[in-house]
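Could you work out the structure for the sequence below:
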Amino acid sequence: MVYYFKARPEVGDFTIYMGLDKHENEDLIKYGFPEDIWFHVDKLSSAHVYLRLHKGQTMDNISAELLEDCAQLVKANSIQGNKINNLDIVYTPWSNLKKSSSMDVGQVGFHNPKLVRTVKVEKRVNEIVNRLNKTKVERTPDLKAEREVYNSQERAERKNQMRDKKRREELERVQKEREADVRSYKALMVSEKMTSNKDIAGKGKSLQEIEDDFM
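From the prediction side, this is the model:
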């Protein structure tokens, strides 16, 4: 089971989600999207909460209001953390999560600690938590299938981008060849290199004589 929430409308159309338990969290860790940002109470047990950003966005695009929604949801879903004030919430891109065979179920590490950020929650704000809970939807998704669909769409998009790139490169090549031909033609047509009928006559030969010589 996965729980899905909607962030406050004024920050944009963003989905926040979390697993039912540590076993569900294993699949969330395994089949996350590159646009996902992972949240957790620092040094305490809590739900694994994810924010799904839009394509092209990074942690730097998370507004203070959106960050507050995510942090409050994490705090509210931590047995210990929900009782503590001035609580630290850590967050990092899904791609920075590291999972090894020696780790317990639901446990994760980080590939790069420098990509882990911290936000402090002074206290639980019931208004925020209640608003988020009113948007909660329970689903049992096939996370593996969703990721496979995502991967397929990414491959198709990269293929289209590569095709468009080759088309642009071919058009640029043709345009450069045309421009080179024009420059070459203009060079041949400069007045110093051209011979008029008057020039030919001035050399003592008539046009008929020139034609006879050519034949």
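
got the end-to-end distance for stretch 76-88?
13 Å (CA to CA, to the nearest Å).

And for Glu172, the neighbour number?
Using other CB atoms under 10 Å, Glu172 has 10 neighbouring residues. Placement of C-beta: from N, CA and C, glycine included.

now for the helix or strand hosting it, which elements pack on it?
Secondary structure assignment for Glu172, by DSSP states H and E: helix 143-188. The contact analysis (3 or more CB pairs under 8 Å, 6 or more residues apart in numbering; DSSP states H and E) places helix 143-188 against helix 22-30.

can you state the direction angle for the helix it packs on and helix 143-188?
10 degrees (axes from the mean of the first three to the mean of the last three CA atoms, to 10 degrees).

ok, and what's touching helix 22-30?
Contact partners of helix 22-30, identified using CB atoms under 8 Å, 6 or more residues apart in numbering, comprise 1-2, 17-19, 47-48, 50, 94, 97, 99, 105-106, 108, 143-144.

One more pass at 6 Å, please.
For helix 22-30, contacts defined as CB atoms under 6 Å, 6 or more residues apart in numbering pick out 19, 48, 97, 99, 105-106, 108, 143.

Tell me how far Val108 lies from Leu20.
From Val108 over to Leu20 the distance is 17 Å, taken as CB to CB, to the nearest Å.

the more surrounded of the two?
Val108 (18 against 13).

what number of residues lie near the residue nearest to the more buried one when sequence neighbours are not counted?
Closest residue to Val108 apart from its sequence neighbours, by CB to CB, 6 or more residues apart in numbering: Leu97 at 4.8 Å. Using other CB under 10 Å, Leu97 has 19 neighbouring residues.

ok, Leu97 to Glu10 distance?
Counting by CB to CB, the gap from Leu97 to Glu10 is 29 Å.

How about Lys22?
33 Å.

If you count surrounding residues, which of these two has more?
Lys22 (14 against 8).

pLDDT wise, what is that one at?
Lys22 is assigned 82 on the pLDDT scale.

okay, stretch 11-30 in CSV with CA atoms only?
The C-alpha trace of stretch 11-30 is given here as CSV (Å, rounded to 0.1, in the frame of the first residue of the first chain):
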residue,chain,number,x,y,z
VAL,A,11,2.9,25.8,-4.8
GLY,A,12,1.9,23.9,-7.9
ASP,A,13,0.7,20.4,-8.8
PHE,A,14,3.0,18.2,-6.7
THR,A,15,2.4,14.7,-5.3
ILE,A,16,3.9,13.5,-2.0
TYR,A,17,3.8,9.9,-1.2
MET,A,18,5.0,7.3,1.3
GLY,A,19,4.9,3.5,1.9
LEU,A,20,2.7,1.7,4.4
ASP,A,21,5.6,0.0,6.2
LYS,A,22,9.3,-0.8,5.8
HIS,A,23,8.7,-3.5,3.3
GLU,A,24,6.8,-1.2,1.1
ASN,A,25,9.7,1.3,1.5
GLU,A,26,12.0,-1.3,0.0
ASP,A,27,10.1,-1.2,-3.3
LEU,A,28,9.9,2.6,-3.2
ILE,A,29,13.7,2.7,-2.8
LYS,A,30,14.2,0.3,-5.7
